[in-house]
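Student: Fold the following, please.
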Amino acid sequence: MRVEVTAPYIELHTGPGRGYPIFYVAERGEWVEILKRKTDWFKVRTTRGKQGWVTRTQIEQTQFAEGQPLILHDAGRDDYNQRRWELGALGGNFDGADSVTVYGGYAFAPTLAAELSLAQVLGTFSDSLMLNVNLVAQPFPEWRVSPFFTLGSGVIHTDPQVTLVQSQSRLDGTTHVGIGLRTHLARRLLLRAEYNNYVIYQDRDTNQEISEWKIGCAVFF
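Tutor: Just a heads-up that it's a prediction; the model follows:
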């Protein structure tokens with residue numbers, strides 16, 4: 001996409017941030033080609049072959065060949081419904097212990113996604129680190145507040161901190177099912193809350209069932 005500079009000038013930085021130095025100034029009447037966007041920074045190439053990054057405020061001071069000004073729209077519902085990548089962090093409760101989870105997901109379709117999550121559980125008598133791979137089904141992606149369902153498996157590493165008898169760290173397999181809600185907040189930000197029921201396969205006669213709830217925010221691309 002090529003646009004013409006209508007401001008007295010726009011400044012090209014060496015990178016997408018004000019901490020990067022200005023190395024070139026494109027003056028009024030010069031044409032630039034917009035190559036890609038990174039948040040509120042735009043990589044452009046001038047007719048002289050100079051490539052650099054311009055702020056959103058300055059790139060909006062350009063126009064198309066027909067004289068129509070460049071108007072940028074923030075990410076909205078359409079972008080949310082068509083998202084592919086999602087990265088987020090959640091906090092909550094894992095069987096009475098505080099937990100923090102970070103995750104990344106990829107949507108194969110609006111109704112189906114795969115996720116990889118890593119959770120740190122901080123308990124009174126032990127700490128745990130849990131890694132899970134999940135399938136996420138979202139049957140009504142067009143709803144403002146949309147329910148989703150998860151099915152996954154993984155491993156949990158438990159490190160006892162205080163015990164009455166000597167105990168060693170252990171690594172156990174897990175499976176879980178869950179239900180949750182997500183909603184678009186603004187721009188590229190969404191809110192997510194979920195409840196999961198885990199089965200931990202221990203080297204004992206019986207397996208352990210644990211409930212977890214958590215809530216947090218994520219960004220999408």
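Student: in the lowest-mean-pLDDT helix or strand in the chain, what counts as buried?
Tutor: One helix or strand of the chain scores below all others by mean pLDDT, DSSP states H and E: helix 77-81, with a mean of 75. Neighbour counts over helix 77-81 (16 or more other Cβ atoms under 10 Å) mark Tyr80 as buried. The way it works is simple: take the backbone N, C-alpha and C, and place the C-beta from them, glycine included.
Student: okay, that helix in PDB with CA atoms only?
Tutor: The C-alpha trace of helix 77-81 is given here as PDB (Å, rounded to 0.1, in the frame of the first residue of the first chain):
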ATOM      1  CA  ARG A  77     -14.800  -7.800  17.000                       C
ATOM      2  CA  ASP A  78     -14.000  -9.000  13.400                       C
ATOM      3  CA  ASP A  79     -10.300  -9.300  14.300                       C
ATOM      4  CA  TYR A  80     -11.200 -11.100  17.500                       C
ATOM      5  CA  ASN A  81     -13.400 -13.600  15.700                       C
END
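Student: tell me how far it is from the chain's mean position?
Tutor: How far helix 77-81 lies from its chain's middle: 14 Å, per Cα atoms, centre = their mean, to the nearest Å.
Student: contacts for that helix?
Tutor: Identification of contacts with helix 77-81 by Cβ atoms under 8 Å, 6 or more residues apart in numbering yields 110, 141-142, 184, 188, 190, 220.
Student: again, but for stretch 169-185
Tutor: Stretch 169-185 is touched from outside by 77, 80, 130, 132, 138, 144-160, 190-203, 212, 217, with contacts defined as Cβ under 8 Å, 6+ apart.
Student: Can you tell me which residue is spatially central in this structure?
Tutor: The centroid of the chain falls nearest to Leu87 when counting by Cα atoms, centre = their mean (1.9 Å).
Student: Confirm that that residue sits in a strand.
Tutor: Yes. Secondary structure assignment places Leu87 in a strand (DSSP: H, G, I helix; E, B strand; the rest coil).
Student: Isn't it up against Gly104?
Tutor: Yes. Between Leu87 and Gly104 there is a contact at 5.1 Å, judged by Cβ atoms under 8 Å.
Student: Neighbours of the residue nearest to Thr14 when sequence neighbours are not counted, how many?
Tutor: In space, and not counting its chain neighbours, Thr14 is closest to Tyr20: 4.5 Å by Cβ to Cβ, 6 or more residues apart in numbering. Applying other Cβ atoms under 10 Å, we find 14 residues neighbouring Tyr20.
Student: likewise Arg188?
Tutor: Neighbours of Arg188 under the rule other Cβ under 10 Å: 18.
Student: Pull the residues that contact the host helix or strand of Leu191.
Tutor: Element membership for Leu191 (DSSP states H and E) is strand 189-201. With Cβ under 8 Å, 6+ apart as the test, strand 189-201 has contacts from 80, 86, 88, 90, 148, 150, 156, 172-185, 207-220.
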